[in-house]
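J.: got a predicted model here, sequence first, then my questions.
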Amino acid sequence: ACGEPQYARGPRGPRGRAAAARAASAAVGWAAPASLPPAAAGPRAEGGASRLCSLTRPEQISLLTLWFISRSPLMMGGDLPTSPQETVDLLSNDEALEVLWHSTDNREVLRERDLVLWTAGDTDGRTRYAAVFSLADTPRRVEVPLGSIGARPDDRVRELWTHTDTPHDGHGLHLDLPAH
């Protein structure tokens with residue numbers, strides 16, 4: 001079923017949403033998205049060794065995709081000089097960063113069982129962004145109707161993380177989503 005994002009029922013505005021996110025995170029013990037380090041972490045203040053992020057590459061991509069499509073402030077808490085180049089490439093992906101910098105009307109438009117779809121427009125008035133997430137424990141193939149993301153049959157669809165065009169049949173996108 002389609003609906004507004006969870007935070008739409010709570011406080012409005014950036015500060016209200018941030019406060020709501022912190023409260024929700026504290027209630028369930030999750031870190032706020034802006035504090036998750038997708039890169040290497042240096043030694044902790046109370047001791048401990050430097051360590052790499054324990055997220056897999058698909059998990060890092062999912063995290064950053066949600067970060068960008070929800071327009072969460074990108075304040076990365078890792079140590080970039082000691083991070084793997086693949087992680088630095090994710091954090092500096094110009095096409096993906098465009099979503100954070102130039103998107104508007106960002107919202108969750110579908111949450112159906114373990115499938116979540118977010119969309120946004122671009123300030124140019126022509127470009128649309130979509131982020132498709134699977135909450136399933138196993139990888140799955142999904143079909144997303146083009147109309148669900150505001151696309152027409154002749155529109156070009158691009159996968160921003162790989163810088164490649166995504167073929168479609170004019171009706172829908174057929175996507176292989178990783179488990180999470």
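T.: Sure, I can see it. Residues are numbered from 1 along each chain as shown.

J.: so Ala131 sits right up against Leu64, yeah?
T.: No - under the criterion of C-beta atoms under 8 Å, Ala131 is not in contact with Leu64, lying 10.1 Å apart. Backbone N, C-alpha and C define where each C-beta goes, glycine included.

J.: neighbour-wise, which of those two wins?
T.: Leu64 (26 against 20; other C-beta atoms under 10 Å).

J.: and stretch 171-180, which residues are buried?
T.: 172-173, 177-178, 180 (16 or more other C-beta atoms under 10 Å).

J.: now do the buried residues in stretch 90-98.
T.: Buried-residue list, stretch 90-98, by 16+ other C-beta under 10 Å: 90-91, 93, 96, 98.

J.: closest one to Trp118 out of those, please.
T.: Ala96 (13.6 Å; C-beta to C-beta).

J.: OK, contacts around the closest one?
T.: 64-65, 68, 90, 160-161 (C-beta atoms under 8 Å, 6 or more residues apart in numbering).

J.: could you dump those residues to JSON lines with secondary structure?
T.: Below are the contacts of Ala96 laid out as JSON lines (DSSP: H, G, I helix; E, B strand; the rest coil):
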{"residue": "Leu64", "secondary structure": "helix"}
{"residue": "Thr65", "secondary structure": "helix"}
{"residue": "Phe68", "secondary structure": "helix"}
{"residue": "Leu90", "secondary structure": "helix"}
{"residue": "Leu160", "secondary structure": "coil"}
{"residue": "Trp161", "secondary structure": "coil"}
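
J.: what is the nearest of those residues to His168?
T.: Leu160 (15.5 Å).

J.: my read is that that closest one contacts Glu95, right?
T.: Yes - in terms of C-beta under 8 Å, Leu160 counts as a neighbour of Glu95; the distance is 4.2 Å.

J.: ok, residues contacting stretch 139-153?
T.: 109-110, 115, 117, 119, 121, 128, 130, 132, 134, 155, 157, 168, 170-179.

J.: does Thr119 belong to a helix, a strand or coil?
T.: Once three-state DSSP is applied, Thr119 turns out strand.

J.: tell me how many other residues surround it.
T.: By the measure other C-beta under 10 Å, the count of residues near Thr119 is 21.

J.: quick check, it in contact with Arg128.
T.: Yes - contact criterion C-beta under 8 Å: Thr119 and Arg128 qualify, at 6.6 Å.

J.: point out where the chain drops to low pLDDT.
T.: Scanning the chain for pLDDT under 70 picks out 1-51, 74.
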